[in-house]
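>>> Coordinates for the following, if possible.
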Amino acid sequence: MGNSKKELRDLWRRSFGDTEAYMDYYFSQKAPASDIYTGNEGGMLASMAFFTPYSVKLFGANKTAYYIVGVATEEKYRGEHRMTRLLQEAMAQYGNGIFFLCPMTPRVYTSLGFRPVYWRETTHIRPDYVPQGRYGSVKKWNELSLQECQKMIVFVNGKLQKEEFDFYIERSIEYYQQISLELQALEGNFYSIWDEKGGVLAAANVIFEDGGFQVTELIADEGAGEIVIDTLLNYLCVKSLQIDDSYFLHGLHGIGIVREKQDKPYIMCRMLSGDTPEIRCYINDIT
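All right, here's what the predicted structure looks like:
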């Protein structure tokens, strides 16, 4: 990759419209840890893709998988299959590699061997929702003691293990330190929610976008949906809230609660060691 950081950042800005604060974060924190593949035309950047490594659990084994992001082509070169060639050439560098992505257009990636592995169901908390009046306490990541960090991580990993997912990201202190920085770059934060006895009720990734808060990931204890929602509404001082994924909100229904199944897959996966098998996946949000 011989292109300058400015070239990459300029194409990112034109393609995705992210804020300067988020791009400052991404190009100082995430980009240096990524393998960056580019295509050029006349010495100028024409296309790019970032392959960011994550430690994952795959069928119970520790593996490295690459999250493909920042997939972009200059407008005047679109429709020439440049990105298809770039991704094919890039993935061939990894041997028996594991790749996943959040597709804008799923059919594009189907042709490259990617298969849908996770769909999201969004929950909208509308203004006519009536809180039950039970609230937990909220702590941001940087407000947690080391013991509380470890307790929260054990809670999240325990929930993921209990669901017996075949493919998911195991959580760690390093993982949440990075997520917390990224959420702050998106005008949000990571929030942990606790009961009165010091037990963890939920872990929530929250951003601020399009004039409102969005919970991009919510891993909640079984049966704690109402108190977790009420706590977030109260803490954020809002009467409505979008929760991008409802997987752990078992049984949460009622007036002012609207669930919406997403039409397209949120995560697609490809494994170069052979055909991607049918897998139970939970990779909801790594922002």
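
>>> what's the nearest residue to Asp230 if we skip its chain neighbours?
Pro131 (4.3 Å; C-beta to C-beta, 6 or more residues apart in numbering). Quick note: C-beta positions are derived from backbone N, CA and C, even for glycine.

>>> SS state for the one you found?
coil (DSSP: H, G, I helix; E, B strand; the rest coil).

>>> OK, contacts around it?
Ile229, Asp230, Leu233, Asn234 (C-beta atoms under 8 Å, 6 or more residues apart in numbering).

>>> which of those residues are buried?
Neighbour-count burial (16 or more other C-beta atoms under 10 Å) applied to the contacts of Pro131 gives Ile229, Asp230, Leu233.

>>> Next SSE downstream of the longest strand seen in the chain?
Identified as the longest strand of the chain according to DSSP state E is strand 44-58. Going down the chain from strand 44-58, the next helix or strand is strand 61-73, by DSSP states H and E.

>>> Could you pull out the buried residues of the helix or strand following that following strand?
As assigned by DSSP H and E, the chain's next helix or strand after strand 61-73 is helix 82-91. Within helix 82-91, the residues scored as buried using 16+ other C-beta under 10 Å are Arg82, Met83, Leu86, Leu87, Ala90, Met91.

>>> Run through who's touching helix 82-91.
35, 37-39, 46-49, 51, 68, 71, 73, 97, 99, 108, 111-112, 270, 272.

>>> swap the cut-off to 7 Å and go again
Helix 82-91 has contacts (C-beta atoms under 7 Å, 6 or more residues apart in numbering) with Tyr37, Gly39, Ala46, Ser47, Ala49, Phe51, Val71, Thr73, Gly97, Phe99, Leu112, Leu272.

>>> Narrow these to just the buried residues.
Buried among those by 16+ other C-beta under 10 Å: Tyr37, Gly39, Ala46, Ser47, Ala49, Phe51, Val71, Thr73, Gly97, Phe99.

>>> Tell me which two of these sit farthest apart.
Across these, the longest distance by C-beta to C-beta is 24.1 Å; it joins Ala46 and Gly97.

>>> For Cys269, what is the enclosing helix or strand?
Going by DSSP H and E, Cys269 is part of strand 267-271.

>>> correction: Leu252
Using DSSP H and E, no helix or strand contains Leu252.

>>> and it, how many residues sit next to it?
Residues near Leu252, counting by other C-beta atoms under 10 Å, number 19.

>>> now it: how far from Leu236?
18 Å (C-beta to C-beta, to the nearest Å).

>>> now Gln242
Gln242 sits at a distance of 12 Å from Leu236 (criterion: C-beta to C-beta).

>>> same check, this time on Gly60
For Gly60, the distance to Leu236 equals 37 Å [C-beta to C-beta].
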